[in-house]
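>>> Generate a structure from the sequence data that follows.
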Amino acid sequence: MTLVSDDERVVPLADLFRLLGDATRLRIVLACVQDRLAVGAIADTLGLSPSLVSHHLRLLRAARIVRAEREGKQVFYAAADAHISAMIAGMLEHVAEPSAQWPEGA
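As a prediction, the model looks like this:
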């Protein structure tokens, strides 16, 4: 895949990384990659208020990072697709790599 500086995908991609650059939103996405969760479960797991979680989920849904699935009165959230899950998994692997693996100045 070639991505050049004037590619129309650069701005949406930067927006995606900006959204994921917020630690709270990233923690919400990580929770949704692991399992389908309702707002209350996400809030409890992360120690956040349901209203804060809902606010962040609205932004993440608008960016197609998470998707909502309604079951009766409950709404469950999960990673939007395999691309999101793979990107998150790949970045987690990257940050877990020992820095000694990289030569000085690389």
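
>>> Please count neighbours and contacts with C-alpha atoms only from this point.
Will do.

>>> Distance-wise, check Thr2 relative to Leu16.
18 Å (C-alpha to C-alpha, to the nearest Å).

>>> Sorry, slip of the keys, the one I care about is Leu37.
Counting by C-alpha to C-alpha - Leu37 and Leu16 are separated by 21 Å.

>>> which one of the two has more residues nearby?
Neighbour totals were compared for Leu37 and Leu16, and Leu37 leads with 21 against 15 (other C-alpha atoms under 10 Å).

>>> Quick one: residues contacting the more buried one.
For Leu37, the contacting residues are 31, 76-78, by C-alpha atoms under 8 Å, 6 or more residues apart in numbering.

>>> go again using 6 Å as the cut-off
Leu37 makes contact with 76-77, according to C-alpha atoms under 6 Å, 6 or more residues apart in numbering.

>>> oh, and call the first residue 36 from now on, that's how I've got it
Understood, numbering begins at 36; the last thing we discussed is Leu72.

>>> residues in contact with the longest helix anywhere in the chain?
Ordering each helix of the chain by length in residues (DSSP state H) puts helix 117-131 first. Helix 117-131 is contacted from outside by Val68, using C-alpha under 6 Å, 6+ apart.

>>> can you do 7 Å?
With C-alpha atoms under 7 Å, 6 or more residues apart in numbering as the contact definition, helix 117-131 has outside contacts at 68, 100, 114.

>>> Sweet, I'm off.
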